[in-house]
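Novice: make a model of this:
(2 chains)
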Amino acid sequence: KAGVTQTPRYLIKTRGQQVTLSCSPISGHRSVSWYQQTPGQGLQFLFEYFSETQRNKGNFPGRFSGRQFSNSRSEMNVSTLELGDSALYLCASTHRGEGANTEAFFGQGTRLTVV
Amino acid sequence: GESVGLHLPTLSVQEGDNSIINCAYSNSASDYFIWYKQESGKGPQFIIDIRSNMDKRQGQRVTVLLNKTVKHLSLQIAATQPGDSAVYFCAEKTSGSRLTFGEGTQLTVNP
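Specialist: Coordinates of the predicted model:
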């Protein structure tokens, strides 16, 4: 079956602009989580969506937002970009959000560079 | 706050040797742990997981050990191959599907 698809793979934006990243989870998966990966901070949880509702949120400013559609596809948006937002943004899908032992499958990520 | 950390940032081994990658976690209430492998330019790939009611779990060439007394996880890779070269992360599952990751260990396999 198809894996997690993230688009675009690479993106270059200017400070102050906004950006939207997309994630299509594995078919049948209803939970989508977003992570930011940087060399200095490692993998940091941004937020999680399940059945179109944000269920969990990490410690990121309000410039970072997301949403999930009825087909489970998710988007994340970063407004007023800063140089420090340059990172690899990863999306992970799980079959269901409840309980343990729910394997998360990651996409290849979107590499965002802010100049 | 909650964090999952690793003991060593890099590990270099000879092809065919066994590798051991360690991880320390801080949340004693965590009940599920996962090891991921991340190759350059790719997202993390699931390797093996373990629940807190177990102390050992084996997969194909990999074994995860959990010591809840000292809050320590380890990943053992048998007969390490060049294709095993990657960054390895341990992760702790907290609420919902949220994962808290360690800092990662870069494994280099020398031929």
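Novice: all strands for chain A, in order.
Specialist: Here chain A has its strands, by DSSP state E, at A:5-7, A:10-13, A:19-24, A:31-38, A:42-50, A:53-57, A:64-68, A:74-78, A:87-94, A:105-106, A:110-114.
Novice: including distance to B:Leu107 and mean pLDDT, could these go into JSON lines?
Specialist: All C-beta atoms are positioned from the backbone trio N, CA, C, and that covers glycine. As requested, those are exported to JSON lines (distance: least, C-beta to C-beta, whole Å; pLDDT from 0 to 100):
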{"stretch": "strand A:5-7", "distance to B:Leu107": "25", "mean pLDDT": "98"}
{"stretch": "strand A:10-13", "distance to B:Leu107": "26", "mean pLDDT": "98"}
{"stretch": "strand A:19-24", "distance to B:Leu107": "28", "mean pLDDT": "98"}
{"stretch": "strand A:31-38", "distance to B:Leu107": "18", "mean pLDDT": "95"}
{"stretch": "strand A:42-50", "distance to B:Leu107": "16", "mean pLDDT": "94"}
{"stretch": "strand A:53-57", "distance to B:Leu107": "30", "mean pLDDT": "93"}
{"stretch": "strand A:64-68", "distance to B:Leu107": "31", "mean pLDDT": "98"}
{"stretch": "strand A:74-78", "distance to B:Leu107": "30", "mean pLDDT": "98"}
{"stretch": "strand A:87-94", "distance to B:Leu107": "19", "mean pLDDT": "95"}
{"stretch": "strand A:105-106", "distance to B:Leu107": "18", "mean pLDDT": "93"}
{"stretch": "strand A:110-114", "distance to B:Leu107": "23", "mean pLDDT": "98"}
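Novice: quick one: pLDDT of the spatially closest residue to A:Thr80 that is not a sequence neighbour?
Specialist: Closest residue to A:Thr80 apart from its sequence neighbours, by C-beta to C-beta, 6 or more residues apart in numbering or on different chains: A:Arg63 at 5.5 Å. On the pLDDT scale, A:Arg63 is placed at 98.
Novice: got the residues of chain A near chain B?
Specialist: Applying C-beta under 8 Å from any C-beta of the partner chain, one finds that chain A approaches chain B through A:4, A:31, A:33, A:35, A:42-43, A:45, A:48, A:50, A:55-56, A:58, A:90, A:92, A:94, A:97-98, A:100-109.
Novice: can you tell me the SS state at whatever residue of chain B ends up closest to chain A?
Specialist: Residue of chain B nearest chain A, by C-beta to the nearest C-beta: B:Gly43 (3.4 Å). For B:Gly43, the assignment made with DSSP: H, G, I helix; E, B strand; the rest coil gives coil.
Novice: sorry, back to before: put the buried members of the residues of chain A next to chain B into a ChimeraX selection.
Specialist: The ChimeraX selection below is limited to those of those classed as buried (16 or more other C-beta atoms under 10 Å in any protein chain shown):
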select /A:4,31,33,35,42,43,45,48,50,55,56,58,90,92,94,97,102,104,105,106,107,108,109
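Novice: identify the bridge partners of residue 92.
Specialist: I went with chain A, as the question did not name one. With DSSP bridges as the criterion, A:Ala92 is bridged to A:Ser33, A:Phe106.
Novice: should've been chain B
Specialist: If you apply DSSP bridges, the partners that B:Glu92 bridges to are B:Phe33, B:Thr100.
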